[in-house]
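**Student:** coordinates only, sequence not included:
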């Protein structure tokens, strides 16, 4: 019998701890009678295709694709809460990061400079960034250019190396970089933050039965209360698990629409 698919692909600064988290969750699910559990996590290269796999048991996506091209195609399990300084429960903000030499500038002082973003379908690196800048744009422009880097770490590097001047970085990612690879954030500063939005959704396939969803949610709640998991959770900055309604992610849509209403459809 073919195993289901599971991944936790979004925060990998401490990848062995991510694998350890799954092992504890897998054991709890097995003890509860769930079958076809994968022994190991998948590390997808094509996130979108992976998220749409009919055999997807568990993954972590981004709020923007969850409300856009994944809407109606996956089910929400919940979201982890993290202890980065810009987090409040599952709500979080992106940090707008620049070189320290630009630390005296307010956001408007970056007009005509260069932006970096991880991907155009990212809530933290693009959608929230666009919404934050939109009120300052003139004739649909604010930056001289916008560089797509392919990842938050690459955006941080682009700013640090002088290939861009400002980037919006998921606050949990930035806290993990500062914690585990402090050289990556050396010489950088946080200029401001975006508005708050709900953090990364944990999802399962559209066809996952309600009984399995309940088992997954119960196991995740229990994991957060487990003394055995405490050190692994601490290594990943995870401090909670919540099961909000999918409607909370309307905040991501509202951010996109607010920027569009101000005549700023693209980060530019």
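**Tutor:** All right, it came through fine. What you see is a predicted model; the values in this text were computed from it and never measured.

**Student:** what's in contact with the strand or helix carrying residue 16?
**Tutor:** Per DSSP states H and E, residue 16 falls inside helix 15-31. Helix 15-31 has contacts (CB atoms under 8 Å, 6 or more residues apart in numbering) with 6, 8, 11-12, 37-41, 58, 215-216, 219-220, 222-223, 226, 228-229, 232-233, 235-236, 238. Where C-beta positions appear, they are placed from N, C-alpha and C, glycine not excepted.

**Student:** OK, contacts around residue 62?
**Tutor:** Neighbour list for residue 62: 10, 121-124, 200-201 [criterion: CB under 8 Å, 6+ apart].

**Student:** Just give me the closest of those to residue 134.
**Tutor:** residue 123 (15.0 Å; CB to CB).

**Student:** what's stretch 85-92 in contact with?
**Tutor:** If you take CB under 8 Å, 6+ apart as the criterion, stretch 85-92 is touched by 79-82, 84, 93-95, 124, 170-172, 175, 193, 196-199, 240, 242, 244.

**Student:** Just the buried ones from those?
**Tutor:** Among these, the ones that count as buried by 16 or more other CB atoms under 10 Å are 79-82, 84, 93-95, 124, 170-172, 175, 193, 196-199, 240, 242, 244.

**Student:** rewinding a little: list the buried ones in the helix holding residue 16?
**Tutor:** 17-18, 20-22, 24-26, 28-29.

**Student:** Residue 186: how many residues sit nearby?
**Tutor:** 10 (other CB atoms under 10 Å).

**Student:** Distance-wise, check it relative to residue 146.
**Tutor:** Distance, residue 186 to residue 146, by CB to CB, to the nearest Å: 24 Å.

**Student:** can you give me the helices for this structure?
**Tutor:** Along the chain, counting by DSSP state H, helices occupy 15-31, 47-51, 63-67, 128-133, 152-160, 171-180, 210-224, 230-235, 250-261.

**Student:** same question for the fourth one, mean pLDDT?
**Tutor:** Per-residue pLDDT values across helix 128-133 average out to 98.

**Student:** low pLDDT regions in the chain?
**Tutor:** Low-confidence segments of the chain, defined by pLDDT under 70, are absent.

**Student:** Walk me through the domains of it.
**Tutor:** If you go by automatic domain parsing, the domain ranges for the chain are 5-83+200-252, 91-197+254-261.

**Student:** start to end distance for the first one?
**Tutor:** This points to domain 5-83+200-252. Here the two ends of domain 5-83+200-252 are set 27 Å apart, with distance taken as CA to CA, to the nearest Å.

**Student:** now do the shortest one
**Tutor:** Across domain 91-197+254-261, the straight-line distance between its terminal residues is 24 Å, by CA to CA.

**Student:** Just checking the distance from it to the centre of its chain.
**Tutor:** Mean C-alpha position of domain 91-197+254-261 versus that of the full chain (CA atoms, centre = their mean, to the nearest Å) differs by 14 Å.

**Student:** likewise stretch 194-206?
**Tutor:** In terms of CA atoms, centre = their mean, the centre of stretch 194-206 is found 7 Å from the chain centre.

**Student:** Same check on stretch 254-263?
**Tutor:** Centre-to-centre, stretch 254-263 and its host chain are 21 Å apart (CA atoms, centre = their mean).

**Student:** residues of that stretch that come out buried?
**Tutor:** Quick answer for stretch 254-263 (16+ other CB under 10 Å): 255-256, 259, 262.

**Student:** distance between the ends of stretch 3-11?
**Tutor:** End-to-end for stretch 3-11, by CA to CA: 24 Å.
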